[in-house]
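Novice: Sequence first, then the predicted structure:
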Amino acid sequence: MSDFMDKLHSTFIEGDRWKYLTNGLKNTLIITFFAVLLGMALGFLIAIVRAAHDKTGKMKILNFFAKIYLTVIRGTPVMVQLLIIYYVIFASVRIDKMFVGILAFGLNSAAYVAEIVRSGIMSIDNGQFEAGASLGLNYRKTMIYIIMPQAFKNVLPALGNECIVLLKETSVAGYIALEDLTKGGDIIRSVTYEAFLPLIAVALIYLVIVMFMTYLVSRLERRLAKSDRG
Amino acid sequence: MIEVNDLRKSFGKQHILKGITTKIEKGEKVVIIGPSGSGKSTFLRCLNRLEQPTSGSIVFEGEDLTKVSEKRLYEIREKMGMVFQHFHLFPHLSIMKNLTLAPVKLGLMSQSEAEKSAKAMLKKVGLADKADAFPNQLSGGQKQRIAIARALVMNPDVMLFDEPTSALDPEMVGEVLNLMKQLAEEGMTMVVVTHEMGFAREVASRVLFIDGGVIAEENDPYNFFNYPQNPRLKQFLSKVL
């Protein structure tokens, strides 16, 4: 027992090593938060372009580029994208690693968000578009007031899931020497030669955050389900 | 009010409408009947260009809908109410919002004006107590009456009905037809695609029989039902009456 207490002490207390975890957690959360914002914003835009093309046949050129973007981003691992952005695109510039992380994970997430949102838009009965049109609402207004609110509600679980995936995917940020939560735990391991405690601690922290996010999504879902009561 | 000239519509190689010419006057109640797949719904949907005609013209209040700009088309649709077989209410909005969304977002009325007008419409369709309900809480007949009210709030010049009672339980057909009769009596111009022969007989000023993509016969309801000329119509009526 005292052996365990010693390990606990050397892993977290000695030399304020817990700070690797709290600081890492802070970075992980910042990257996740801004990457989610970027991913959602860009993802929605791409989805709207793709859906407008599918529904009206317009925006051919934008749709073409959107499709290339989706193919490339979804066809390569996020870690490779992160490395390319850091070591190739920003090779000759001194740049904040956090910014690179947010950019890489945000751009990556946007591709998945786009397909989620597009599937949500396409899942709405065409009659809703027609009802909007028959009342004189043009495509844009129909989209904003009729289609998107319903599509958003339908894809909310999938979007919440995407946020959770994103949070966990940021754990590869250590490959550009960014000190996120995973890297923090790994640093402790490399200093203390004790793997069990720091890595379990890291895993637990991820788990708690994911459970919390799951809870938030289900609450939001329940609120949006108001109109389904019957 | 609506002049249709040699209207044709094909989906790929399939010719649905093969040249329809007719004129709908203000205040007329035109009922369109015909076998399934005859093109009657497609014809109705061409009238407000939910369906893009392949050729021909549709002149509504002096403007050819096949030639107007997209922006103008949406403005014209404000004057053409449409009621669908499957209602297509907006499930995420309350009944009140269903009625006020279009007039408010199009800038035709303020929110309070729209609500006042919506309340009057709800009263007219007998559902004044449902303003705060959501579509999923209503029966089929109630949904369809709301859909009619939603179209009426726009003050349309003509109402298009696309099989408005076909998706309803038999016991709910009556309430919707009664409302449509009431509208007819008030002088609304109506174009109705339906299988309700009783309604056609009672309300129509003219009945069209569309078969194989053309108007095979048209007449006033009395002669239409009692002295059909076209053999296909005779056959059709003998099956449905």
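Specialist: Sure thing, it's come through.

Novice: From here on, just use CA atoms for contacts and neighbour counts.
Specialist: Will do.

Novice: Other residues contacting the longest helix along chain B?
Specialist: Identified as the longest helix of chain B according to DSSP state H is helix B:170-185. Here helix B:170-185 makes contact (Cα atoms under 8 Å, 6 or more residues apart in numbering or on different chains) with B:29, B:125, B:140-141, B:144-145, B:164-165, B:190, B:199, B:203.

Novice: now, which of those lie within strands?
Specialist: Counting by DSSP state E, those place B:29, B:190 in strands.

Novice: Can you lay out the contacts of helix B:170-185 as TSV showing pLDDT and distance to residue B:15?
Specialist: Below are these laid out as TSV (pLDDT from 0 to 100; distance: Cα to Cα, whole Å):
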residue	pLDDT	distance to residue B:15
B:29	96	27
B:125	95	39
B:140	95	33
B:141	95	34
B:144	97	31
B:145	97	34
B:164	96	25
B:165	96	27
B:190	97	26
B:199	95	29
B:203	95	31
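
Novice: So residue B:100 sits against residue B:114, correct?
Specialist: Yes: contact status for residue B:100 versus residue B:114: in contact at 5.4 Å, counting by Cα atoms under 8 Å.

Novice: what is in contact with the two at once?
Specialist: residue B:153.

Novice: Comparing the two, which residue is more hemmed in?
Specialist: Neighbours per residue, other Cα atoms under 10 Å in any protein chain shown: of residue B:100 and residue B:114, the larger number sits with residue B:100, 25 against 22.

Novice: got the contact list for the helix or strand hosting the more buried one?
Specialist: Secondary structure assigned from DSSP states H and E places residue B:100 in helix B:95-105. For helix B:95-105, contacts defined as Cα under 8 Å, 6+ apart pick out A:132, A:135-137, A:141, B:89-90, B:109-111, B:114-115, B:118-119, B:130-135, B:146, B:149-151, B:153-154.

Novice: For it, give the mean pLDDT please.
Specialist: Helix B:95-105 carries an average pLDDT of 97.

Novice: Spit out the contact partners of residue B:124.
Specialist: Residue B:124 touches nothing, counting by Cα under 8 Å, 6+ apart.

Novice: how near is it to chain A?
Specialist: Distance of residue B:124 to chain A, computed by Cα to the nearest Cα, to the nearest Å: 20 Å.

Novice: need the residues of chain B near chain A, please.
Specialist: By Cα under 8 Å from any Cα of the partner chain, the residues of chain B that approach chain A are B:48, B:50, B:71, B:74-78, B:80-82, B:88-94, B:102, B:105-106, B:134, B:136-138, B:151, B:154.

Novice: Just these: which are in helices?
Specialist: Short answer: these in helices (DSSP H) are B:71, B:74-77, B:102, B:105, B:151.

Novice: among the residues of chain B next to chain A, which ones are buried?
Specialist: B:48, B:50, B:74-78, B:80-82, B:88-94, B:102, B:105-106, B:134, B:136, B:151, B:154 (16 or more other Cα atoms under 10 Å in any protein chain shown).

Novice: List the buried residues of stretch B:179-186.
Specialist: B:179-181, B:183-184.

Novice: Those: which two are farthest apart?
Specialist: Greatest spatial distance among those (Cα to Cα): B:179 and B:184, at 8.7 Å.

Novice: Could you report the distance from the residue located most distally from the centre of chain B to residue B:101?
Specialist: Going by Cα atoms, centre = their mean, the residue of chain B most distant from its centre is residue B:112, 27.9 Å out. To residue B:101, residue B:112 is 12 Å away according to Cα to Cα, to the nearest Å.

Novice: again with residue B:23
Specialist: 32 Å.

Novice: between the two, who's got more neighbours?
Specialist: residue B:101 (21 against 14).

Novice: Name the nearest residue to residue B:117, sequence neighbours excluded.
Specialist: residue B:153 (6.5 Å; Cα to Cα, 6 or more residues apart in numbering or on different chains).

Novice: Determine the longest helix present in chain A.
Specialist: Under DSSP H, chain A gives helix A:18-56 as its longest helix.

Novice: Is that one in proximity to chain B?
Specialist: No: contact of helix A:18-56 with chain B is not found when judged by Cα under 8 Å from any Cα; the minimum separation is 12.1 Å.

Novice: and that helix, what other elements does it pack with?
Specialist: helix A:60-75, helix A:97-123, helix A:148-169, helix A:181-192 (3 or more Cα pairs under 8 Å, 6 or more residues apart in numbering or on different chains; DSSP states H and E).

Novice: Good, we can wrap up now.
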